[in-house]
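Student: The sequence and its predicted three-dimensional model are supplied below.
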Amino acid sequence: MGSEFPFTLSDPRLGDLDCLVDGQPATAKSGKRFHVIDPGSGKSWASCPDCRQEDVEAAVQSSHRAFQSYSKWTPRQRAQTLLKWHEEIIAARDDLAKILVYETGKPLAEAYGEIDYATTFTWWFVGEAERVQGASIVSAIPGRRAVTIKQPIGVAAALVPWNFPIALTLRKASAALAAGCTMIVKPSPETPITALSVARLALKAGFPPGALNVLTTSLEGTPELAEALCLHPLVKKVTFTGSTRVGKIISSLCARNLKKSTMELGGNCPFIIFEDANLDQALGQLMALKWRHAGQACVSSNRVYVQRGIYDKFVGLVVQATSQLKMGHGMDEGATLGPVTTPRSLDRAEEMAKDALAKGAKLVLGTGSRDDSNSGGYFMAPTILTNVTDDMLMSQDEIFAPLLGLSVFDSEEEVVQRANNTAMGLTSYAFTKNVDRLWRLFESLEAGMIGLVSKPQAASMRNLRLIRSVQNTGNNSSAEAPFGGIKESGSGKESGKGVAIEEFMVTKTGTFTIEGL
Ligand SMILES: O=CCCC(=O)O
């Protein structure tokens, strides 16, 4: 199995494709490796160790040993090392961006955008490391005082998805390391190299061997490796980002030993545009949200509800803007829409488009089918359907592909009921200039995060190139605000002040009975 990088790395150490355990390269005990595929060509360009259950013990023991000393580091030492790591990642930005393109398929500008987004987490948790505080509590009982302290929970395991592999590895690992935990990362089989790269940079930055271990595995090996990590008694915390279906399995594995877990699961996010909205702005944000990484984000606008009076006009605007997208390999000059990362996503998108068309949706752009003309890559031209209704598969489940459906609605009451009529609750978006309505929506939409937009932003959202290069335009994800869903979109928060670092900590209460008080 060849490991021929299709580009030259400035730092050849990032081309080391073995696992990282205890600061050393490690192969799978079986000696087996699996292919890493470029979604833009369908070809293998690297290989990584195919680890299984028998490879878990060494990594956990290493992280446990590292935890004994690392958890005693002062918060300032942790913050300083996180800062050094942050700088190392920024210095490796060019290499990391190319790796991201070949792993995920996303266009190079988006890959840079992801790295910039990712390093907001390293930066944020530099600050968080030093701000963990307990409380002092006045007792109702005379002579008694109580205090709480927060302590790192122990070894954490991170199960990271393929859609934003650097951002989500850093969101999880920065919080864990800031808290004083050590971590074992299991990246997705599609995107193992980005995780290996940032872990090698963590070692270079001065984190001790074992503080951040990485075990890679194939698609076939994933359930076994994930289960072994979740059930290992020395793993005290599991953080997972992925589908609700798999999240339920991971949650139940953790529940067997009452293990603490954070679940960032699927979305089925409604994007609601009222007649009084600034259409330019709604369009700009929809373009950024929907087509970012070919529709493969959990916070992507999955169901677009447009009020009747502006429906036809808005459909026209979306079709016109979308037809300007340039589909191509992520490294192609000017490409603004890459392939999907896995062929499974194409199968699902085709099934959804077929189902919608059979139930009365109208095709206004694209084909709803894979595009096989593009050199073996996993492409689908951006597809837009109108007359989409709530009984269609694409309204009921995450699309995760460049397929967009638009539905019509009449009243606020109706659209809120339809938006909430799902098991999911990750994020919702609403566009209106009516401030009273915005507040009502904030309270009535069932989601962990709500994007509420009432007034135009300074930058013109008509500029497609600008939109494509600004990673975070059109969503409310950020390092400083709590990120996480409700309902079947998960539990726990991954960023924000206090909440995210505390996901990796335990609270201990000390009660003092003091003579003479
Ligand atoms: O796809 C999930 C995460 C995307 C984000 O952090 O905005």
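Tutor: The structure has been received and is ready for your questions. Residues are numbered from 1 along each chain as shown.
Student: Need the pLDDT of Gln320.
Tutor: Note for Gln320: predicted pLDDT of 98.
Student: what's around it, how many residues?
Tutor: By other C-beta atoms under 10 Å, the residues close to Gln320 number 11. For every residue, glycine as well, the C-beta is placed using N, CA and C.
Student: For it, grab phi and psi.
Tutor: Backbone torsions for Gln320, taken as degrees, to the nearest 10, come to phi -60, psi -50.
Student: From the ligand, how far out is it?
Tutor: Taking C-beta to the nearest ligand atom, to the nearest Å as the criterion, Gln320 is separated from the ligand by 26 Å.
Student: Output stretch 47-64 as PDB, nothing but the C-alphas.
Tutor: In PDB, the C-alpha atoms belonging to stretch 47-64 read as follows (Å, rounded to 0.1, in the frame of the first residue of the first chain):
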ATOM      1  CA  SER A  47      -2.200   4.500   4.400                       C
ATOM      2  CA  CYS A  48      -2.500   4.300   8.200                       C
ATOM      3  CA  PRO A  49      -2.400   1.500  10.800                       C
ATOM      4  CA  ASP A  50      -5.700  -0.400  11.100                       C
ATOM      5  CA  CYS A  51      -5.800  -0.600  14.900                       C
ATOM      6  CA  ARG A  52      -8.200  -2.900  16.700                       C
ATOM      7  CA  GLN A  53      -9.100  -3.700  20.300                       C
ATOM      8  CA  GLU A  54      -5.700  -5.200  21.000                       C
ATOM      9  CA  ASP A  55      -4.000  -1.900  20.300                       C
ATOM     10  CA  VAL A  56      -6.000   0.000  22.900                       C
ATOM     11  CA  GLU A  57      -4.300  -1.100  26.100                       C
ATOM     12  CA  ALA A  58      -0.900   0.400  25.300                       C
ATOM     13  CA  ALA A  59      -2.400   3.800  24.300                       C
ATOM     14  CA  VAL A  60      -4.600   3.900  27.400                       C
ATOM     15  CA  GLN A  61      -1.700   2.900  29.800                       C
ATOM     16  CA  SER A  62       0.400   5.600  28.100                       C
ATOM     17  CA  SER A  63      -2.300   8.300  28.600                       C
ATOM     18  CA  HIS A  64      -2.900   7.200  32.100                       C
END
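Student: Distance from the chain centre to it, please.
Tutor: Averaging C-alpha positions (C-alpha atoms, centre = their mean, to the nearest Å) puts stretch 47-64 23 Å from its chain's average.
Student: so for that stretch, what's the average pLDDT?
Tutor: 98.
Student: mind listing what's buried in that stretch?
Tutor: 47-52, 55-56, 58-64 (16 or more other C-beta atoms under 10 Å).
Student: same thing with stretch 359-375?
Tutor: So stretch 359-375, judged by 16+ other C-beta under 10 Å, has buried residues 361, 364-366, 368, 370, 374.
Student: Determine which two of those residues are furthest apart.
Tutor: Among these, the pair separated by the greatest distance (C-beta to C-beta) is Ala361 and Asn374, at 24.9 Å.
Student: After the lowest-mean-pLDDT helix or strand in the chain, which helix or strand is next? Please name it.
Tutor: The weakest-scoring helix or strand in the chain, judged by mean pLDDT, DSSP states H and E, is helix 464-469 (a mean of 38). Remark: after helix 464-469, the chain's next helix or strand is strand 490-491, criterion DSSP states H and E.
Student: where does the stretch 51-200 of the chain dip in pLDDT?
Tutor: For the stretch 51-200 of the chain, applying pLDDT under 70 flags no range at all.
Student: Over to the stretch 401-517 of the chain?
Tutor: Across the stretch 401-517 of the chain, residues meeting the criterion (pLDDT under 70) sit at 455-474.
Student: can you list the residues of it near the ligand?
Tutor: 475, 477 (C-beta under 6 Å from any ligand atom).
Student: The same query, at a cut-off of 5 Å, please.
Tutor: Ser477 (C-beta under 5 Å from any ligand atom).
Student: can you check the chain too?
Tutor: Near the ligand, when you scan the chain using C-beta under 5 Å from any ligand atom, you find 297-299, 477.
Student: Tabulate the residues you listed (JSON lines), appending secondary structure, neighbour count and distance to Ile89.
Tutor: Formatted as JSON lines, these follow (DSSP: H, G, I helix; E, B strand; the rest coil; neighbours: other C-beta atoms under 10 Å; distance: C-beta to C-beta, whole Å):
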{"residue": "Ala297", "secondary structure": "coil", "neighbour count": "20", "distance to Ile89": "21"}
{"residue": "Cys298", "secondary structure": "coil", "neighbour count": "29", "distance to Ile89": "23"}
{"residue": "Val299", "secondary structure": "coil", "neighbour count": "22", "distance to Ile89": "23"}
{"residue": "Ser477", "secondary structure": "coil", "neighbour count": "22", "distance to Ile89": "18"}
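Student: was I right about Cys51 contacting Leu215?
Tutor: Yes - Cys51 lies in contact with Leu215 (C-beta atoms under 8 Å); the separation is 4.6 Å.
Student: Let me know the helix or strand that Phe34 is in.
Tutor: Counting by DSSP H and E, the element that carries Phe34 is strand 33-38.
Student: residue contacts, the closest residue to Ala66 other than its chain neighbours?
Tutor: Among residues not flanking Ala66 along the chain, Gly210 sits closest, at 3.1 Å (C-beta to C-beta, 6 or more residues apart in numbering). Contacts here follow C-beta atoms under 8 Å, 6 or more residues apart in numbering; on that basis Gly210 touches 21-23, 62-63, 65-67, 182.
Student: Now Gly210. Its backbone dihedrals?
Tutor: As for Gly210, its main-chain torsions (degrees, to the nearest 10) stand at phi 90, psi -20.
Student: cool, Gly451 as well?
Tutor: phi -90, psi 120.
Student: next one: Lys508
Tutor: Main-chain torsions, Lys508, degrees, to the nearest 10: phi -110, psi 130.
Student: Return the per-residue confidence for the one residue in the stretch 251-400 of the chain that gets nearest to the ligand.
Tutor: Across the stretch 251-400 of the chain, the shortest distance to the ligand (C-beta to the nearest ligand atom) belongs to Cys298, at 3.6 Å. Here the pLDDT value assigned to Cys298 is 95.
Student: Can you name the element that comes right after whichever strand or helix holds Ala97?
Tutor: Assessed by DSSP H and E, Ala97 sits inside helix 93-104. Following helix 93-104 in sequence order, the next helix or strand is helix 108-129 (DSSP H and E).
Student: packing partners for the next helix or strand after that next one?
Tutor: Counting by DSSP H and E, the next helix or strand C-terminal to helix 108-129 is strand 136-138. Applying 3 or more C-beta pairs under 8 Å, 6 or more residues apart in numbering; DSSP states H and E, one finds that strand 136-138 contacts strand 144-152.
Student: Name every sheet partner of the strand it packs on and say whether each one runs parallel or antiparallel.
Tutor: strand 136-138 (antiparallel), strand 505-513 (antiparallel) (DSSP bridges).
Student: Just the CA coordinates for it, please, in CSV.
Tutor: Taking C-alpha atoms only, strand 144-152 is exported to CSV below (Å, rounded to 0.1, in the frame of the first residue of the first chain):
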residue,chain,number,x,y,z
ARG,A,144,-19.7,24.8,58.9
ARG,A,145,-18.1,26.0,55.6
ALA,A,146,-18.2,24.3,52.2
VAL,A,147,-16.0,24.8,49.1
THR,A,148,-15.8,23.2,45.7
ILE,A,149,-12.7,22.4,43.7
LYS,A,150,-12.6,21.3,40.0
GLN,A,151,-10.2,18.5,39.1
PRO,A,152,-9.4,17.0,35.7
